[in-house]
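Chemist: have a look; sequence and predicted model below, questions after that.
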Amino acid sequence: MKPDEIDALTALWKETGMSSSLIATLELGKRISRLHLLFEQAVKAELAELGLTYAEFDVLMALRRAAPPHRMKPSELSKGLLLTSGGISNVLQRLTAAGYVEREANQGDARSRWVQLTDKGRRVAEAGLEASSRAYTEVTAGIPEETVRRAADALREVLAPMSRRRYR
């Protein structure tokens, strides 16, 4: 197996006397971060061709996934996408101006509004999903499907116990 940029760090960590278990944990974190960056850069490049930011795409996808009638409150979007209320407000303003989402009064709560995709927004969401799929396919090109599957399964096994923990 060809060494990667993380292997250079590993050699330095070994020189400092770090334990093998800590080194393995650091390698895992660094490689996950590197994978995330590669996927994110590829997706952002594809989305830019559609005139979408990553945050806008996330909102469109969240609305697309929402249970019928496919609408959500801004607070639900904010919480689910880990965006601040100001951040979600800015994204929703841009998506509304582009004609991708519309807001309507929430009959059950006069203080909040519903956000839902327009027909144009559904079409752009589908185009964004195709663009995202192309990006992921491009990043993993040349890697056997079995290798990707094993990595995904191994990461699930690592992530499951971590997901139960709460950090401040």
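Modeler: Done, it's in. Numbers count the residues shown, from 1 in each chain.

Chemist: contact partners of the host helix or strand of residue 123?
Modeler: Using DSSP states H and E, residue 123 falls within helix 119-139. Defining contact as Cβ atoms under 8 Å, 6 or more residues apart in numbering, one finds that helix 119-139 is touched by 38-39, 42-43, 45-47, 49-50, 52, 57, 60-61, 63-64, 95, 98-101, 117. All C-beta spots, glycine's among them, are computed from the backbone N, C-alpha and C.

Chemist: are any of those buried, and which?
Modeler: 39, 42-43, 46-47, 52, 57, 60, 63, 95, 100-101, 117 (16 or more other Cβ atoms under 10 Å).

Chemist: counting residues, name the longest helix you see in the protein.
Modeler: helix 20-48 (DSSP state H).

Chemist: list the buried residues in that helix.
Modeler: Result for helix 20-48 [16+ other Cβ under 10 Å]: buried residues 23, 27, 39, 42-43, 46-47.

Chemist: how far off centre is that helix?
Modeler: Put simply, helix 20-48 sits 12 Å off its chain's centre (Cα atoms, centre = their mean, to the nearest Å).

Chemist: ok, stretch 42-51 next?
Modeler: 14 Å.

Chemist: I'd like the average pLDDT over stretch 2-19.
Modeler: For stretch 2-19, mean pLDDT is 93.

Chemist: which residues sit against that stretch?
Modeler: Under Cβ under 8 Å, 6+ apart, the answer for stretch 2-19 is 22-23, 26-27, 30-31, 34.

Chemist: could the residues you listed go into TSV alongside pLDDT and distance to residue 108?
Modeler: Listed next are these as TSV, based on pLDDT from 0 to 100; distance: Cβ to Cβ, whole Å:
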residue	pLDDT	distance to residue 108
22	96	51
23	95	54
26	96	49
27	96	50
30	96	47
31	95	46
34	95	45
